[in-house]
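Engineer: How does the following fold in three dimensions:
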Amino acid sequence: MLTTVAAGAAVLFVGLGIWIYNALVRDRNQVRNAWSDIDVQLVRRHDLVPQLVKAVKAYADYEQATLAAVTELRARSESARRLPERAALEDAMEAGLHRLIAVQEAYPELQADENFRSLQTSLTEVEDHLQYARRYYNGAVRVFNTRVESFPHLLLAGPFGFRQAEFFEADDEARANVRVNLT
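Structural biologist: Okay, the predicted model is just below:
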């Protein structure tokens, strides 16, 4: 009788371990999938940069510094290895792209350019999708990190190599540059 209870407890314990491990794997894969969604939008954004730079360059020679900065940030972001570094570079590139789009105010002929308007619409669409993907990714990271830190999951997370994922956050400079006009 005692061996049957012990065997039943062992099966229950192993079953619980399998369930916990599978939950950790599922959540880790959800984070990876969410990052893939962000990566797709970043590639779309990076594909638009040369076209946008070319369109603006034809009208705004004095904006060479902004054009060069956006192009350089694109290259650095593509080679970034760690998420915080890539997030900071992407935030800086986003700010540069917004400055690039703002150039149109000084150039009415640029505003009228069909190609530029199409690129601007595409960029706005990509930015919207990117914001959604970042929110989704950060939600998946929150769920995964909570599981990794919670009992009883933490008993298996460490030994099986599950580590907390990093959030995709705006850097301090991007947060500081947010301006709200309430007039």
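Engineer: could you point out the longest helix in the protein?
Structural biologist: Criterion DSSP state H: the longest helix present in the chain is helix 2-57.
Engineer: Report the distance from that helix to the chain centre.
Structural biologist: 14 Å (C-alpha atoms, centre = their mean, to the nearest Å).
Engineer: What is the burial count for residue 28?
Structural biologist: Using other C-beta atoms under 10 Å, residue 28 has 19 other residues around it. C-betas here are computed from N, CA, C, even on glycine.
Engineer: Kindly report the same for residue 122.
Structural biologist: When counting by other C-beta under 10 Å, one arrives at 16 neighbours for residue 122.
Engineer: excluding its backbone neighbours, what's nearest it?
Structural biologist: Of all residues not flanking residue 122 in the chain, residue 48 sits nearest, at 5.8 Å (C-beta to C-beta, 6 or more residues apart in numbering).
Engineer: Does the one you found touch residue 124 like I think?
Structural biologist: No - taking contacts as C-beta atoms under 8 Å, residue 48 lies outside contact range of residue 124: 10.4 Å.
Engineer: Looking at these two, which is more packed in?
Structural biologist: Per other C-beta under 10 Å, whichever of residue 48 and residue 124 has more neighbours is residue 48, with 18 against 11.
Engineer: any idea how far residue 117 is from the more buried one?
Structural biologist: Noted for residue 48: a distance of 13 Å to residue 117, by C-beta to C-beta, to the nearest Å.
Engineer: can you count the residues close to the residue nearest to residue 80 when sequence neighbours are not counted?
Structural biologist: Closest residue in space to residue 80, ignoring its immediate chain neighbours: residue 86 at 3.9 Å, by C-beta to C-beta, 6+ apart. Close neighbours of residue 86, defined as other C-beta under 10 Å, add up to 19.
Engineer: Repeat that for the one 3 residues further on.
Structural biologist: A total of 20 residues lie near residue 89 under the criterion other C-beta under 10 Å.
Engineer: give me the element it is part of.
Structural biologist: Assigned by DSSP states H and E, residue 89 belongs to helix 83-102.
Engineer: Give me the below-cutoff pLDDT ranges for the protein.
Structural biologist: Along the chain, the parts satisfying pLDDT under 70 run over 57-64, 103-113, 170-183.
Engineer: For the closest residue in space to residue 142 that isn't next to it in sequence, grab phi and psi.
Structural biologist: Using C-beta to C-beta, 6+ apart and skipping residues adjacent in sequence, the residue nearest residue 142 is residue 167, 7.8 Å away. Main-chain torsions, residue 167, degrees, to the nearest 10: phi -70, psi 150.
Engineer: contacting residues around residue 167?
Structural biologist: Residue 167 makes contact with 138, 141-142 under the criterion C-beta atoms under 8 Å, 6 or more residues apart in numbering.
Engineer: Among those residues, which are located in helices?
Structural biologist: Using DSSP H, the members of the contacts of residue 167 that fall in helices are 138, 141-142.
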